[in-house]
Every structure is written in structure tokens, then in C-alpha cells.
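> Pasting the sequence and the predicted model now:
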Amino acid sequence: MDTVGMVRVESNGAGLFFISTFIIVLNTGASRAQKGDGCGHTLLGPNSGTLSSISYPQTYPNGTVCEWEIRVRPGEKVTFKFADFDIEDSDSCHFNYLRIYNGIGPTRTEIGKYCGLGVQWDHLIVSAGNEVTVQFMSGTHVSGRGFLLSYSTTDHPDLITCLDKGSHFTEPEFSKYCPAGCLTAFGEISGTIPHGYRDSSLLCRAGIHAGVVSNVLGGQINVVNSKGIPYYEGSLANNVTSKVGPLSASLFTFKTNGCYGTLGLESGVVRNAQITASTVLQWDDINRQPPVWGPERARLKKPGPPWAALDTNENQWLQVDLKKEKRITGISTTGSTMSDYYFYVSGYRVLYSEDGKNWSVFREANADHDKIFQGNVNYLQEVRNNFIPPIEARYIRINPLQWHQKIAMKVELLGCQPSLGRAPIPPPLPKISTDFPVQLDKTTFTPDIRNTTVTPNGTKDVALAAVLVPVLVMALTALILVLVCAWHWRNRKKTAEGTYDLPYWDRPGWWKGMKQFLPAKGPEVEESPVRYSSTEVSRLRARDVGPLLQTAPAEYAQPLVGGVVGTLRQRSTFKPGEGVDPSYADPDPYDAPLQEIYHAYAEPLPASGAEYATPIIMDISSHLAGTVSQPPISTFKSPGTALLSRTDSSVSTGHVQYDTPKGTLSPAPAAEELVYQVPQSSVQKAVDSG
């Protein structure tokens, strides 16, 4: 039984290379085969695969032929789905066509013969058994891209193609089956985990980049659609480059089962003694400092130099002891991260062990060769690779195979405890070669890896927030209501008290504050009440007092508490009491009996009339001794009489004699003239006392 392996390797000066492996098995016991010169991109897996015409998506050449022989497990059937079909039909499918047969060899029977430009295939083509032959023939033609075809077994009716995008599906959540072989250059993706991928990205290619499916095996993807973001980051992972993308209406992410966390190199859970290396670079840095290139420096995202090997050969290694068995699902690496040392590893193998002595090299499921992981493309950018199936081991060893200048790297392992993320072991797959034993010591299922956007305690945090936020809002609302009610009650209380209170201008002390604004003749004097002796009071005869003024306080000015003589003028504007005899005149305008002291209010001044002054209340208890020869004279304006006024007399020996009002007859001189004492200022009192 012959086995042909085709391996394409490309490298550049930086040591970057890409490895694509296609296995072709030419025996009846194998699962797949191809032959001819018209074969394009091809990956034929045991459960699914992808094939295309030569030069796709460019125009296929004239005069080519290719046949693919596909076998799946006995009892299964094969389902085909076209991603693109564009074969010229000018000769009615006579020289340019695609044929699908049931069976392999001379006994095969035709399922269908297909040609046409831009044909849209919405239906599936199903075989009658587990063996199928696909034949492509090209003759002379002018145009045509050819075809891109995917297949799977019939137990995956949700098969999609490598060209299906996230925007083709509008459901909030959906599950689809990706075929093997979608690591192609036929489309682009934008984004990364955990933020998500732009809706224009190819679903299966993004699944490979995220590490949820394998390019060699294919697998089931569980997708969640959500609102887009303004910016999508680019990264390199699993040999797939994701490009930076602009704003989009929606994005998609992959649902996983939670085995995607870091295992402690970056955080320090893994101690320095647990990290060892084959050799250490003995090279002082640019400042002539001692070597700092030890294996303990190989921690991802830690500032400073990385681990660097002394020798530059394929026998170097970096080893991590996790102390107990872990389920390891991936690895992230960088170069030196220092621009002065442009070192990085561009390709490496991964070995694992349970005891640190017996080592196994990681291989993909059903593969008979070691998996070569693509490393870094520069000294700084982080690159991620996932292990499908996962590794379960205590010891991990990284063996660099390609590098730039020197072997130097920083790493972080991804995974979880072995009890997390386990899935049922699928039935064994058919072998792809009899020359090398198939490695079946590990499970071959596609692992479910949890998206790191959801933390294990996310549900508890959300529940706590859901309780605290309403409670805080209610407490704040209650506090505001209490403050508003207190303020309202206080205002109502003030309003209720003010209803029966005196107006501001009627309250005591108001007039004293306003006196400073009244005009005064000469310097302000201290208020000193005029007093009469008891003899003089007994000799005074009471005068008739008219009825008190019964007017609202708002109509007249407020009466004076103490009179100031110096403020009076020759013209008096006092309004007499109502009901006084018109023929009566008070000879003494400043005499006021003690028995009837009342307040006379001035009438409001009309628009063009004279203004009334404020009356003066005077205390006559300090009046000078003497006899009263005539009745007192009033300065109030009585009905039917003229306005009476006075003229200040000269001051002599501290006494002031007041004249009689004008318009009245002067009485006969009395034996003893009544003299009033003028209130004295504080300055005059000081002079007199001196």
C-alpha cells in the first residue's frame, strides 16, 4: 500500500515558515485519495473535507483533469454542498464539467453531471453509500472560476461551507458544522477572542482562529450574534491572520465550555524553580550587567529580557512543571519584546510528559507526523496556538525549530483542571495510514473552550448588582422625599405663624432702624423726654380730646416713639382729630396732658398735595416750674381754622420760650410765663456739667 505525502514549506530571512500538509492514500482500506493535474486546494478528512478546482478562485486552465476518491465509515453516507460553482457551459457540459459518482472504480454509477456559470446551489447532494468519486474535467474554455466543494457525513445535516459568513445567519444563536480544510486564502476575518469577530468574517475560518475547530478535522461551532463594536483588533492565531476591521452592525462570538484560562506563568502561580531550560545565554546586556536570560524570565507580558538559549540548534528546550496534571488547550508566545534584541522563535514543537522522563510529541488527531506550530513573526507580537485535542499532562516542553538570530521567547500556557471541559469520547476514527501507528492515546473530539469574556463569577456579580441597585435607588428616593416634606412643613409653619403676626413695619425696633434715613436740622441730638413737675401737672387743665383716629395702619404713617424738636419746621402738616370744636385753639402746641395721649396719623398725601409729617409723642413729666396763664395751643389743623405755626425763639440760659401760633389773639402776659425745657444733646450736657 502506497502513501504519498505532499508538504509545502516556505521560509524567509526571518525564519518564518508555513506548513500545509495533505495526505493522499492510495489503498482500499484508506479513507480518501486524489489524482490528476487539475486538483486545487484539497483536504480530505475522515468525516469532512474541502476540495476545489485548480487555480480557484482564478480561471481554471484548459485540458486538466482531477479525481477525488472519498470514503467514510461504513454505514455512513456522504453529503456535498457547493460553496461556489462557475464552470463554463458553452459545450453543454461536454468538455467542461463536474461529475459525482456513487462508488469507486469500474462499478461506480453517476449521481450527476454539472456545469454552468455562476450557479447557486441551495440543495445538498447525498450519496447512496460510504464511497464516492468526484471528477473534474476542463477542455477549451474562455472563462470560469471552477468550483469549491465541501462534504461531511450525513450525521451533520447543518453542514456549511468555507465561504459562509456571519452575516449570512441572522439568528441570535445557531449551531453549524464546519468542514475540514477551511484554512484557505479565499476570504478574510476581522477580530479576535474574546471581543468577537466582524459579521463579514468567514465563520469557519474564524472558528479556526479562535481555536474552537481544527483545520484538519473540522467540527461543530456554536455561534452567538450580538451588536457590533467600532473597532476590531487583528492577531495571529493557529496559522490564521485576523485583520483590523472597522465598525459593523453586528458581530459573532463562539460559545465554549470554560477551559481557556491561563495556568500561572504570568501571574506567578508557577514558581521560578518550576521553569527550566536546556541552556541559558551568557551574554551581558548593553549596560554590562550580569546575565538576565534565565528560564524564569520566560513569563508572558513580564517586562525585561526573555529566556534565551546559549546554543542555536534544534536541541534546545524550555520546560514547565505544573506540579500536577492539567488540561492544556493552548499556548501563547512572544519574542524578546525588546527592540535592542530582535530575537524570536518562528516555529516549534510541543512535547508533554507525566513524569518528566518519557516524552510524547503533540500530533493532531489521526495524523502520523508531529505538529509544527507557527511561532512569532517579530519580537513583539503575541501569537496563540491551540491544542486540538487538548493535552493532559504535568510537564510541558517547548522545542524551538526555527528562530531569528537567537532562540528567545516568553510563553503562557492556557487550560484548566482536568475535570473541566470534558466531553464524551467519540467513536474511533479510521486510520489514514498503515505505515505509522495512529496516535489514539488522547481523545480526538473537538474541545469546547469557554470564551474568556465570561468570568466564572459573572452570574453572582450580576445577581448582586440586580439586588443592590434597586435598594440604593429606593433609599435615595426615600431620603429625597423626607427632605422635601420637611422643607414643605417648615414653610407651612412659617406661613401659619405669619398670618396673625404684625407686619414687619409694625414690629418694635423697626422705626429705630429707619430714623437714620429721616432728615434732621443740625446735628443729631440724643432723645431726652420733656418732663413736668407734679405742681405743674396739677395746674394743667385737661383739654377736650376729639375721637381717636380709626383708620387702617396702612393709610397713615407710623407714630414717633420719641419726638425730636429739631426736626419740626414752621409749617405743620399734622391732621387734627375729627370732631373737635372749630372755635377751639390750643394756645400751647406742645402741651399734652398725661390723661389722654394718643397717636395722630397723617393722611396719605394726594398726587399734588402736601405731605403729612409724622406726629411726635412727648413726655411732659419734666416740664419746668411755672404758672400757665392761658390754655395750651395746638398745632393741629382744625376744621375751619388756618394752619398754625411757630417760630423758634432764641436760646437763653438753657431755656427755650415758644411763640404762640399765628392767626390767634395774643393773650395777656401772665404773671409767670410757661417755659419748656428743650431736649439737649449729649454734647450740650457735657458742657453744662462742666
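Structure's in. What do you need?

> Could I get the contacting residues of residue 236?
Neighbour list for residue 236: 242, 374, 377, 381, 383, 384 [criterion: CB atoms under 8 Å, 6 or more residues apart in numbering]. In this view, the C-beta of every residue, glycine as well, is placed from N, C-alpha and C.

> Swap in 6 Å and give it another go.
residue 383 (CB atoms under 6 Å, 6 or more residues apart in numbering).

> Going by secondary structure, it is in what exactly?
Take DSSP states H and E as the rule and residue 236 turns out to sit in strand 235-237.

> Tell me which strands that strand pairs with, and in which orientation.
strand 240-242 (antiparallel), strand 383-404 (parallel) (DSSP bridges).

> For the spatially closest residue to residue 189 that is not a sequence neighbour, report the pLDDT, please.
The shortest distance from residue 189 to any non-neighbouring residue, by CB to CB, 6 or more residues apart in numbering, is to residue 201 (3.8 Å). Per-residue confidence (pLDDT) for residue 201: 96.

> what sits against residue 201?
166, 189, 190.

> Could you export these as TSV, including secondary structure and neighbour count?
TSV is the format used below for these (DSSP: H, G, I helix; E, B strand; the rest coil; neighbours: other CB atoms under 10 Å):
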residue	secondary structure	neighbour count
166	helix	24
189	coil	27
190	strand	22
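
> how about CSV for those, with distance to residue 236 and pLDDT added?
Converted to CSV, the contacts of residue 201 look like this (distance: CB to CB, whole Å; pLDDT from 0 to 100):
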residue, distance to residue 236, pLDDT
166, 20, 94
189, 12, 95
190, 13, 96
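
> and of those residues, the nearest to residue 182?
residue 189 (10.8 Å; CB to CB).

> From residue 175, how far off is residue 72?
21 Å (CB to CB, to the nearest Å).

> Neighbour count: these two, which is higher?
residue 72 (27 against 11; other CB atoms under 10 Å).

> so that one touches residue 153, yeah?
Yes. Taking CB atoms under 6 Å as the definition, residue 72 is a contact partner of residue 153 at 5.2 Å.

> And the strands in the stretch 201-350 of the chain, which stretches?
219-227, 235-237, 240-242, 250-254, 261-262, 275-277, 307-308, 318-334, 344-353 (DSSP state E, counting those that start in this stretch).

> which of the ones you listed is buried the deepest?
strand 307-308 (a mean of 27; mean count of other CB atoms under 10 Å).

> Each with direction, which strands does it pair with?
Here, using DSSP bridges, strand 307-308 pairs with strand 408-416 (antiparallel).

> what comes up buried for stretch 384-395?
384, 385, 386, 387, 388, 389, 390, 391, 392, 393, 394, 395 (16 or more other CB atoms under 10 Å).

> Dump those residues into JSON lines; add distance to residue 226 as well.
Output for these, formatted as JSON lines (distance: CB to CB, whole Å):
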{"residue": "384", "distance to residue 226": "22"}
{"residue": "385", "distance to residue 226": "27"}
{"residue": "386", "distance to residue 226": "23"}
{"residue": "387", "distance to residue 226": "28"}
{"residue": "388", "distance to residue 226": "25"}
{"residue": "389", "distance to residue 226": "29"}
{"residue": "390", "distance to residue 226": "27"}
{"residue": "391", "distance to residue 226": "32"}
{"residue": "392", "distance to residue 226": "33"}
{"residue": "393", "distance to residue 226": "36"}
{"residue": "394", "distance to residue 226": "38"}
{"residue": "395", "distance to residue 226": "40"}
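
> closest to residue 211 among these?
Closest to residue 211, out of all of the buried residues of stretch 384-395 and judged by CB to CB, is residue 386, at 3.2 Å.

> so which of the contacts of residue 201 comes closest to residue 137?
Of all the contacts of residue 201, the one with the least separation from residue 137 (CB to CB) is residue 189, at 33.7 Å.

> contacting residues for that closest one?
Counting by CB under 6 Å, 6+ apart, residue 189 makes contact with 197, 201, 202, 205, 206, 242.

> List the contacts of the fourth one.
Applying CB under 6 Å, 6+ apart, we find residue 205 in contact with 182, 189.

> what's residue 478 sitting at in phi/psi?
With angles defined as degrees, to the nearest 10, residue 478 sits at phi -60, psi -40.

> Pull the number of nearby residues for it.
Residue 478: 10 surrounding residues under other CB under 10 Å.

> What's opposite residue 333 in the beta bridge?
residue 383, residue 411.

> Now that it has come up, it's in contact with residue 411, right?
Yes. Between residue 333 and residue 411 a contact is recorded at 5.2 Å, counting by CB under 6 Å.
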